Each structure stands twice: as structure tokens, then as C-alpha cells.
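**Student:** turn this into a structure:
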Amino acid sequence: QVRVAVGSGLALPGYTLICDRHDAASLWKFLTDGGAVPLGTQGWEQLRIQQGRPAPDYELTEDYNPLEAGLWHNISFDKGCYIGQETIARLNTYKGVKVQLWGVKLTAPASPGTVVTMGEEKVGTLTSYTDTPQGPFGLAYIRTKAGGAGLQVQVGEVTGEVVDIPFVTRGYLG
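**Tutor:** Numbers count the residues shown, from 1 in each chain. Okay, the predicted model is just below:
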């Protein structure tokens, strides 16, 4: 049994196939024999980072909240009583988002956890990294007051430019 869901889980068109893990290899073979182009784990991770989809243990940790992760489109400001609802409502009301998730075009590879600076000032932290056909790319939380797209930064010893990422949404809705 295979379930097909509309949507790729990214800011790209596509489908998600769900099957029993014991059937995955035969489904993979059937689809690729039919001309489907496989993505695989490495390809998914590269697209996830390029699209800016936050992931557990990288961008989704106890250090950051859903608004900082750019998940405004997944938060309800009208639904009552859910875990963290008061904190999220307060952040929205008082415009308290201190950092935001951004893409960073890099001039060379960099490791997640590397500090992002402007001059001598720490403005963020790199959370994910991937090589892409367009060059090295990462995700980083950048202080809101430092700026956003177009910002020139240092990621350790590597130069980078902060860029928009398609998956995230920003702004105060209240």
C-alpha cells in the first residue's frame, strides 16, 4: 500500500510517497525503472538547506522558537491553549523576534556551529551547510537588528552574503 500526498515538504511542487519501509526498495525500483528521477537523502538535505526548511537538531532546537525559524505560516495566533501559545503571542504583540533564519551564500565551505560576524560583532550562528552547484550555502540565525538580505558577513574565516530563502515566512501578523 502506497499513500501519495500532494506537496514535497519544501517550497517546490512535488509529491510525498508513504509506504511500509519493507516495500520502499521495490517501490524505488519500480519508480526509477519507470523514469522517475530519485532524490535520495543527500539530495533532500541539499534542497532542504537551499529552500530554508528548518530541521530538528539544526534549526529546530530549544534555542529558537517557531517565529525565529520563519514558521509564521504554521502558527495560529487565533487558536487558544496550545503549548507555547502565550510566548508566541507575546513575541508577536511586542515584536520580540530577536533572530531570524536566513540563507548564506558562502565563498568556501563552513561548519555548522560557526559564529557569524560583522566586523568584530557576533550577529549569528551557522546551523546547516551544503555544497550546491551554485557554490557553498548555509542556513544561519542572524540577529534581526543586524539586518537581512544583502548583508555581508563573515562565517568564521569565510565571507558570506545573507539571502532570502523560499520556505520561510516573516513578519508580524498581529
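**Student:** mind listing what's buried in the lowest-mean-pLDDT helix or strand in the chain?
**Tutor:** Every helix and strand of the chain was ranked by mean pLDDT, DSSP states H and E. The lowest is helix 85-93, at a mean of 86. The neighbour-count check on helix 85-93 (16 or more other C-beta atoms under 10 Å) flags Ile88, Leu91, Asn92 as buried. Where C-beta positions appear, they are placed from N, C-alpha and C, glycine not excepted.
**Student:** next one: stretch 118-138
**Tutor:** Residues of stretch 118-138 classed as buried: Met118, Val123, Gly124, Thr125, Leu126, Thr127, Ser128, Tyr129, Thr130, Pro136, Phe137, Gly138 (neighbour count, 16+ other C-beta under 10 Å).
**Student:** tell me which of those is nearest to Pro66?
**Tutor:** Of all these, the one with the least separation from Pro66 (C-beta to C-beta) is Thr127, at 14.8 Å.
**Student:** restricting to C-alpha, output the longest helix belonging to the chain in PDB.
**Tutor:** The single longest helix within the chain, with elements called by DSSP state H, is helix 40-51. Extracted as PDB, the C-alpha positions of helix 40-51 are listed here (Å, rounded to 0.1, in the frame of the first residue of the first chain):
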ATOM      1  CA  GLY A  40      17.800  10.400  -2.000                       C
ATOM      2  CA  THR A  41      18.800  11.600   1.400                       C
ATOM      3  CA  GLN A  42      21.800  13.700   0.300                       C
ATOM      4  CA  GLY A  43      19.700  15.400  -2.400                       C
ATOM      5  CA  TRP A  44      16.900  16.100   0.000                       C
ATOM      6  CA  GLU A  45      19.300  17.600   2.500                       C
ATOM      7  CA  GLN A  46      20.800  19.900  -0.100                       C
ATOM      8  CA  LEU A  47      17.300  21.000  -1.200                       C
ATOM      9  CA  ARG A  48      16.200  21.400   2.400                       C
ATOM     10  CA  ILE A  49      19.000  23.800   3.100                       C
ATOM     11  CA  GLN A  50      18.700  25.700  -0.200                       C
ATOM     12  CA  GLN A  51      15.000  26.200   0.400                       C
END
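**Student:** quick check: closest non-adjacent residue to Gly14.
**Tutor:** Distance criterion C-beta to C-beta, 6 or more residues apart in numbering; nearest residue to Gly14, sequence neighbours excluded, is Ser8 at 3.0 Å.
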